[in-house]
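Enquirer: Quick one: sequence plus predicted model below, questions after.
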Amino acid sequence: HGRFQQADEAFLDFLLANVRDRFVADSGAADAGRVVLVRMREEDKAEYGAWPPPPIDWQMVLKGLVSFEPDVVVITTPLNWGPPSPEFVREAGEALLPFPSVILAAEVETGTASKAESDASLRDMLPSISRLAGDRMLLPPVSSLTAMPEETLRRQMEIGPVALPLTVTRDSAMLPFAFRCGDAVVPSLVLQALTRRTRMPYALQRLLVPLRGHA
């Protein structure tokens, strides 16, 4: 009746809860330098062709990353410059091809009301999470898509939703691991990045939804 599986999962949750602090400390020491944040800062905008940086600047930055051979490249801002599309969008997309995994941000709004067409367009682009423990209704629902990468780019890369503005406190920012998209549960940009980094298929993942609603 599935009771052994429930017991195994409960025991695994107990182990993870009791080693979390030590695990974070150990992994921080072991993985020092293995995660790199590359920032394009507005105070340095004179170094770019325009602000926000146009595709040709993204192309140059991405080409500079190739020699470091990253496993996963995550771009946390939607690569969309509005109509008409500027030059070198195709070349920026070609600069992404050498990387094994690339995840591009899609900006979404969350709320109680949901637009069916927005749900459908995003849901078709994303994997779904079938193994869920807790109340899925506590996950933030996608109400609308506000910014997507250029179509030329998103045809060949993974898309990861991110909700803005973030819930920011003095010590941290709350980043949902998953969203409700219609009747599906879809991974956020953060969860997609972790999935690619750990090479853990979604079919083997189990998402825990605590009472606060942040998985």
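Expert: Nice, thanks for sending it over. Numbering: from 1, shown residues only.
Enquirer: Please name the residues that touch the closest residue to residue 134 other than its chain neighbours.
Expert: Closest residue in space to residue 134, ignoring its immediate chain neighbours: residue 209 at 3.1 Å, by C-beta to C-beta, 6 or more residues apart in numbering. In short, each C-beta sits where N, CA and C put it, glycine included. Shown in contact with residue 209 (C-beta atoms under 8 Å, 6 or more residues apart in numbering): 132-136, 138-139, 215.
Enquirer: most neighbours, which of those?
Expert: Counting neighbours by other C-beta atoms under 10 Å, residue 139 comes out on top of the contacts of residue 209 with 25 neighbours.
Enquirer: Now for residue 203, how many residues are close by?
Expert: By other C-beta under 10 Å, 9 other residues sit near residue 203.
Enquirer: Assess the claim that it and residue 128 are in contact.
Expert: No: contact criterion C-beta atoms under 8 Å: residue 203 and residue 128 do not qualify, at 10.4 Å.
Enquirer: backbone phi and psi for the residue nearest to the spatial centre of the chain, please?
Expert: Geometric centre of the chain, nearest residue: residue 189, 0.8 Å, by C-alpha atoms, centre = their mean. When read as degrees, to the nearest 10, the backbone of residue 189 gives phi -60, psi -40.
Enquirer: Within its sheet, name the partner strands of the longest strand along the chain and how each one runs.
Expert: Longest strand of the chain, by residue count under DSSP state E: strand 101-110. Strand 101-110 has the following strand partners under DSSP bridges: strand 72-75 (parallel), strand 142-147 (antiparallel), strand 158-163 (parallel).
Enquirer: most packed of those strands?
Expert: Among the strands paired with strand 101-110, ranked by average contacts under mean count of other C-beta atoms under 10 Å, first place goes to strand 158-163 (a mean of 22).
Enquirer: quick one: contacts of it?
Expert: Contacts of strand 158-163 with the rest of the structure, by C-beta under 8 Å, 6+ apart, involve 74, 76, 101-110, 122, 125-126, 140, 142, 148-149, 175-176, 179, 186-193, 196.
Enquirer: if we can go back for a sec, which ones are touching the residue nearest to the centre of the chain?
Expert: Neighbours of residue 189 in contact, by C-beta under 8 Å, 6+ apart: 74, 76, 103, 105, 160-162.
Enquirer: Mind picking the two most distant members of the residues you listed?
Expert: Greatest spacing in the contacts of residue 189, by C-beta to C-beta: 74 and 161 (12.7 Å).
Enquirer: shared neighbours of those two, anything?
Expert: If you check residue 74 and residue 161 against C-beta under 8 Å, 6+ apart, the residues they both contact are 105, 189.
Enquirer: mind listing which of the contacts of residue 209 are in strands?
Expert: The strands in this structure, assigned by DSSP E, contain 132-133 from those.
Enquirer: Would you reformat the contacts of residue 209 as TSV and include distance to residue 58?
Expert: Shown next, in TSV, are the contacts of residue 209 (distance: C-beta to C-beta, whole Å):
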residue	distance to residue 58
132	36
133	39
134	38
135	40
136	36
138	36
139	32
215	31
